[in-house]
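K.L.:
heads up, no residue letters with this:
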């Protein structure tokens, strides 16, 4: 059992979807001080391999949001009703449950594509006007044959 398990138990017992807490309140629930790394926003990320305490709030069905390390406050937001179980060996966090209204492959490329600032994703890739060429305007006038312009 993790020393951060009381946080999981506390969050599972909540009947609201948002639980605002101060760092001092978390320490009171845990009955121990938070580590010095609490001062870094990355420590509060929802990455399951981040730290042992992260796994506890994720397994309880919550994620952190509105983290303000300056004021020592954050909000735990419920993302799942039922907590997920810890694997028998306790080494890795269980994967997030898929939303039933989405295909399991949804989001598999998240973070792999970057769109350059200022790039217009709505602009056609070729300079040829859309009312001719590929859409058939000129091709129909030539009897259905398409020619390549240089």
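P.N.:
The structure has been received and is ready for your questions. Remember, predicted model here, so these are calculated numbers, not experimental data.
K.L.:
hey, let's count contacts and neighbours off CA atoms from now on
P.N.:
Noted.
K.L.:
and the gap between the residue nearest the centre of the chain and residue 109?
P.N.:
Nearest to the centroid of the C-alpha atoms of the chain, with distances taken as C-alpha atoms, centre = their mean, sits residue 46, at 7.8 Å. Per C-alpha to C-alpha, to the nearest Å, residue 46 is found 18 Å from residue 109.
K.L.:
Quick check: the residue nearest to the centre of the chain is in a helix.
P.N.:
No. Counting by DSSP: H, G, I helix; E, B strand; the rest coil, residue 46 falls outside a helix, being coil.
K.L.:
So which residues of the protein form strands?
P.N.:
With strands called from DSSP state E, the chain shows them at 18-22, 62-68, 73-78.
K.L.:
what about the ones you listed, which gets the closest to residue 122?
P.N.:
strand 62-68 (31.8 Å; C-alpha to C-alpha).
K.L.:
Give the partner strands of that closest one in its sheet and their orientations.
P.N.:
strand 73-78 (antiparallel) (DSSP bridges).
K.L.:
Quick one: mean pLDDT for the partner strand?
P.N.:
Averaged across strand 73-78, pLDDT comes to 94.
K.L.:
Run through who's touching that strand.
P.N.:
Taking contacts as C-alpha atoms under 8 Å, 6 or more residues apart in numbering, the residues outside strand 73-78 that touch it are 16-23, 61-68.
K.L.:
Filter those down to the buried ones, ChimeraX style.
P.N.:
To isolate the buried members of those in ChimeraX, using 16 or more other C-alpha atoms under 10 Å:
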select :17,18,22,23,61,62,63,64,65,67,68
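K.L.:
gap between residue 16 and residue 76?
P.N.:
10 Å.
K.L.:
To clarify, my last question referred to residue 14.
P.N.:
11 Å.
K.L.:
Give me the more crowded residue out of those two.
P.N.:
Counted by other C-alpha atoms under 10 Å, residue 14 and residue 76 do not tie: residue 76 has more neighbours, with 20 against 11.
K.L.:
Perfect, I'm done here.
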